[in-house]
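K.L.:
Predicted model and sequence follow; I will ask about them next.
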Amino acid sequence: MKEAYNPQEIERKWQYVWSEKRVYEVTEDHNEEKYYVLEMFPYPSGRIHMGHVRNYTIGDVIARYKRTLGFNVLHPIGWDAFGLPAENAAIERGVHPAKWTYENIAQMKAQLKRLGFSYDWNREITTSDPNYYKWEQMAFTRMFDCGLAYKRSSVVNWCPSCETVLANEQVVVSGAVLPEPQSGSGGNKQFASDGNKEAARCWRCQSEVELRELEGWFFKITDYAEQLLDGCERLKDGWPERVLTMQKNWIGKSTGAEIDFPLEETIEGVRSLRIFTTRPDTVFGVTFMCITPENPISERIVKGKPQEKEAVQFIQRIKRQSNIERVGEGVKKEGVFTGAYCVNPFSEERIPIYIANFVLISYGTGVIMCVPAHDQRDFEFAKEYGLPIKVVIQPEGDDVNPDDMKCAYEDVGIMVNSGEYSGTPSEIGKQKIIEYVETKGFGRRQINYRLRDWGISRQRYWGAPIPIIYCDRCGTLAVPDNYLPVELPMDIEFTGKGGSPLAKIEKFVNTKCHKCGGDARRETDTMDTFVESSWYFLRYTSPDFENGMLDGARGKYWLPVDQYIGGIEHAILHLLYARFYTKVLRDLGMCNLDEPFLNLLTQGMVIKDGAKMSKSLGNIVDPDDIIAKYGADTVRIFMLFASPVERDLDWSDEGIEGSYRFLNRVWRFAYDFGIRNSEFGIRESFNPQSAIRNPQSKGLLIKVHKMIKKVTEDLERFQFNTGVAAIMELLNAVSRFQSNGNDEKAVLREAIETIVRLLYPFAPHIAEELWEALGYKETLVDKPWIEWDREIVGSAAVIVVLQVNGKVRSQVFMDPDTTEEEMKQAAFSDERVKSYISGKEIKKVIVVPKRLVNIVV
RNA sequence: GCCGAAGUGGCGGAAUUUGGUAGACGCGCUGGAUUCAGGAUCCAGUGGGUGAAAGCUCGUGGGGGUUCAAAUCCCCCCUUCGGCACCA
């Protein structure tokens, strides 16, 4: 054993040993209980960053710990290899996306290996590999067959200069991200707008982004809205509550009714307007209706009316506006009267119809009934245009009067001015109104979701091709299994102009129809990369399987993922898509799984100087530099110790020094002990019975077992920061300990061995090295977890606090099984306590065994 | 605006699961040892006030309450962070 701790040397050594012994390569073993721990796989951007290091260190601690508990641990890693940065590199630097990606993977893989993570590299997955996306294409064709994948047009962001579609993340408004233009994959990221008309711009060329209607492919995630919502209930025990809340909000279920309002005069065959409302109980309070400009009925309804010209201008103006301009904070409600009326089917009142900017295009029917007395938005609109306000819900014990209302009354209450329903509580009224419209046939109960279908089309090259061909004679056809995969052609030039790169490759586009043999064209859109990440965790269970997405038998053994770990930023999209896709695959008979991730741990960000590490801020700390300076174990210890896993972690150069110091101290104590005992040659037979009776050695022995208990419990609860602190505490106890006799020497050795074993999941290289130096042949990788001795822990003397009137006045050591009466006696005979109670009347004495005595005077 | 989480030394954080010594552990700082010197290492100290010291006293965002006892439980308020925000 060397005197100096040399992390570079020992880390290289143990990484080699583990890899030679193939210790992390696992197979199904039905005699052993499995444990599947997974970290979100990285995008191969080129370098591992501190966020990855934190994520993967947490996963590695869990994987190693579970393994020592005897679980058959599956701990895989791979690459989310498709995506835009590769294509941008091609456009900017002329590197082929494949070359760029695979070189990055090679680099990052080396980095991960230097960190000593316990991955089964045999299961490594790269999503850009045709052997991977082949199965995704096959699943697509099955989804196409049953209507879960379909094509339609939708409004997208279009950059006229780059001639390409932009994802929402690529559209910027004063540094913020644009919300979804209207429908599709979601991504309604919120941004702050100051109400000024700021243009949405392309992130690369700063051109003003246009809204364009474009054909694209969608997954029918809305069909699974209810199931995804149900699943949230079942995941309650294993997922953070806030993630589930975010998903529930995203799905946004609301229950209500659709009701037809007959038009006063039929317009081009249209007799009524259908609305969706969650408040059918307020239907008697409708004083106007509003239509979204996008609804085709808007233009038809004004035809020939005196208001036509003004209305058409309004429609065209609003239609050109992006979402920001329409719904940004502080944007005024605007509308225009159509000149048309409909009739309230309940009150038979004549209701004017408006076209308004605040009616959403893609929610409900695009037409709303407006009840200004009981809806704030309608209230504001009514005030603006001088429309009547009719109160139909009265709060109990109060009186709402339309003339002095400052805002709408949106709560429940008693229905008034509502014909035969007057006097009915609103909750009951809702049901009665729905029943009525259903029996009369002019409406029905209806559930609406905010969730939109998932737009998966990307007019991009570096993604999985959508396996569809268009034949003039046979129509739109899925590519049959024996023609899969539809491989990405490799010989291609990147200009960044002229739309989809694939569309320009004639060899790719032009094909023959497998059905009729005639000329056909291939679909040139590729799939959203969220599709790959929606099933990679399934593929890990059988990455070499050649007959389908995953091998049923192997999948059944390993799945579901027991512990998933990743950043909170994926709380909605990735996690929701993966849940959805898993359910689809289940329904297609490809796997037998309802929920993919049993438990979810969301780790916080790595922060430096109060901000997330990022290139633009220039506050990046490169993990490689730190590893080169201190070694992987130090980085790992710091990542775990500096902060609880769920919270953000503040990077600190001094902090990492502290972690390095700690490992150096561990090394030195082991070394010193080894020297004093001639390289650990003296192997006293350790006798805990004798050691515990020996007052010289008892204290440290108790500390050893208390700390084993503490660290074990902290590992179970993922409280790694306090777990590491407990090992440090034990080391401090060792450093204070004087060893002379045999019992003391034996206990000291026991303490040092314990530190090494407890350290193993956190800092595995140094632990293995010291364990070997201590004279053991077996590696810690396969050694069962150390257990604490209940009796030793239980025999520890307890400090009993003596209080007078709730204030601590003294403290004494006591045997843990001291009786309450004895504790009381001890308290009353304590000198310091005596001075506080002498001459005073004792009112009450509280005794808490093992803790305290409180005397109230 | 609505929903949720959190506020503890100079800093990161512990104790909140179970009401029972607040500040574990680390960083930083102060003093000392070692050294030609620096670094590294080791030892001691380190919430505020007061005191020579023993000690006393205040102290977990603010205010109130429950209790023998509150960082922990309850109510009101403030601040910060996160999510949602014309979803009818």
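P.N.:
Cool, got the structure. Numbering: from 1, shown residues only, chains lettered A, B, ... in the order given.
K.L.:
Tell me which stretches of the stretch 51-200 of chain A form strands.
P.N.:
Assigned by DSSP state E, counting those that start in this stretch, the strands in the stretch 51-200 of chain A fall at A:72-74, A:78-79, A:125-126, A:149-159, A:164-166, A:171-173, A:176-177.
K.L.:
quick check: mean pLDDT across the longest one?
P.N.:
I take that to be strand A:149-159. Mean pLDDT, computed over strand A:149-159, is 86.
K.L.:
anything in it near RNA strand B?
P.N.:
No. Strand A:149-159 is not in contact with RNA strand B by Cβ under 7 Å from any atom of the strand; minimum separation 13.9 Å. Every C-beta, even on glycine, is put in place using the N, C-alpha and C of the backbone.
K.L.:
and that strand, which strands flank it?
P.N.:
strand A:164-166 (antiparallel), strand A:210-219 (antiparallel) (DSSP bridges).
K.L.:
circling back to that earlier point, buried deepest among the strands of the stretch 51-200 of chain A, which one?
P.N.:
strand A:78-79 (a mean of 24; mean count of other Cβ atoms under 10 Å).
K.L.:
Report whether A:Val847 is found in a strand, as I expect.
P.N.:
Yes. Counting by DSSP: H, G, I helix; E, B strand; the rest coil, A:Val847 falls inside a strand.
K.L.:
so who does it touch?
P.N.:
For A:Val847, the contacting residues are A:Glu820, A:Met823, A:Lys824, A:Val853, A:Asn854, by Cβ atoms under 8 Å, 6 or more residues apart in numbering.
K.L.:
Ok, A:Ile492 next?
P.N.:
Residues near A:Ile492 by Cβ under 8 Å, 6+ apart: A:His96, A:Tyr461, A:Pro501, A:Leu502, A:Ile505.
K.L.:
Let me have those residues in JSON lines, adding pLDDT as columns.
P.N.:
Shown next, in JSON lines, are the contacts of A:Ile492 (pLDDT from 0 to 100):
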{"residue": "A:His96", "pLDDT": "95"}
{"residue": "A:Tyr461", "pLDDT": "94"}
{"residue": "A:Pro501", "pLDDT": "89"}
{"residue": "A:Leu502", "pLDDT": "93"}
{"residue": "A:Ile505", "pLDDT": "93"}
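K.L.:
Make JSON lines from those residues and add distance to RNA strand B and neighbour count to it.
P.N.:
Shown next, in JSON lines, are those (distance: Cβ to the nearest atom of the strand, whole Å; neighbours: other Cβ atoms under 10 Å):
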{"residue": "A:His96", "distance to RNA strand B": "35", "neighbour count": "17"}
{"residue": "A:Tyr461", "distance to RNA strand B": "30", "neighbour count": "24"}
{"residue": "A:Pro501", "distance to RNA strand B": "32", "neighbour count": "27"}
{"residue": "A:Leu502", "distance to RNA strand B": "32", "neighbour count": "22"}
{"residue": "A:Ile505", "distance to RNA strand B": "38", "neighbour count": "18"}
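K.L.:
okay, the closest residue to A:Leu715 other than its chain neighbours: pLDDT?
P.N.:
Spatial nearest neighbour of A:Leu715, chain neighbours left out: A:Tyr65 (5.0 Å); criterion: Cβ to Cβ, 6 or more residues apart in numbering. A:Tyr65 is assigned 97 on the pLDDT scale.
K.L.:
And the buried ones among the contacts of A:Val847, selectable in ChimeraX?
P.N.:
The ChimeraX selection below is limited to those of the contacts of A:Val847 classed as buried (16 or more other Cβ atoms under 10 Å):
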select /A:823,853,854
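K.L.:
Surely A:Val359 and A:Phe288 touch.
P.N.:
No. Using Cβ atoms under 8 Å, A:Val359 is not in contact with A:Phe288; the gap is 11.8 Å.
K.L.:
Compare neighbour counts for those two and give me the winner.
P.N.:
Taking neighbours as other Cβ atoms under 10 Å, A:Val359 and A:Phe288 compare with A:Val359 leading, 27 against 24.
K.L.:
which residues does that one contact?
P.N.:
By Cβ under 8 Å, 6+ apart, the contact set of A:Val359 is A:Cys290, A:Ile291, A:Thr292, A:Gly366, A:Val367, A:Ile368.
K.L.:
Widest-spaced pair of the residues you listed?
P.N.:
A:Cys290 and A:Gly366 (9.7 Å; Cβ to Cβ).
K.L.:
Tell me which stretches of the stretch 451-600 of chain A form strands.
P.N.:
Under DSSP E, counting those that start in this stretch, the stretch 451-600 of chain A gives strands at A:454-455, A:457-458, A:468-471, A:475-478, A:510-512, A:519-522, A:526-527, A:563-567, A:600-603.
K.L.:
tell me the most buried of those strands?
P.N.:
strand A:457-458 (a mean of 26).
K.L.:
Does that one pack against any helices or strands, and if so which?
P.N.:
Under the contact criterion of 3 or more Cβ pairs under 8 Å, 6 or more residues apart in numbering; DSSP states H and E, strand A:457-458 touches strand A:210-219, strand A:526-527.
K.L.:
residue ranges with poor pLDDT in chain A?
P.N.:
Chain A contains residues with pLDDT under 70 at A:167-200, A:203-204, A:322-324, A:327-330, A:675-686.
K.L.:
center of chain A, which residue is that?
P.N.:
Per Cα atoms, centre = their mean, the C-alpha nearest to the average position across chain A is that of A:Ala571, at 2.7 Å.
K.L.:
how about the closest residue to RNA strand B within the stretch 401-550 of chain A, what does it touch?
P.N.:
Nearest residue of the stretch 401-550 of chain A to RNA strand B, counting by Cβ to the nearest atom of the strand: A:Arg450, 3.6 Å away. A:Arg450 makes contact with A:Asn249, A:Trp250, A:Ile251, A:Gly252, A:Tyr363, according to Cβ under 8 Å, 6+ apart.
K.L.:
With A:Arg377 instead?
P.N.:
A:Lys333, A:Phe358.
K.L.:
For it, what is the enclosing helix or strand?
P.N.:
helix A:376-385 (DSSP states H and E).
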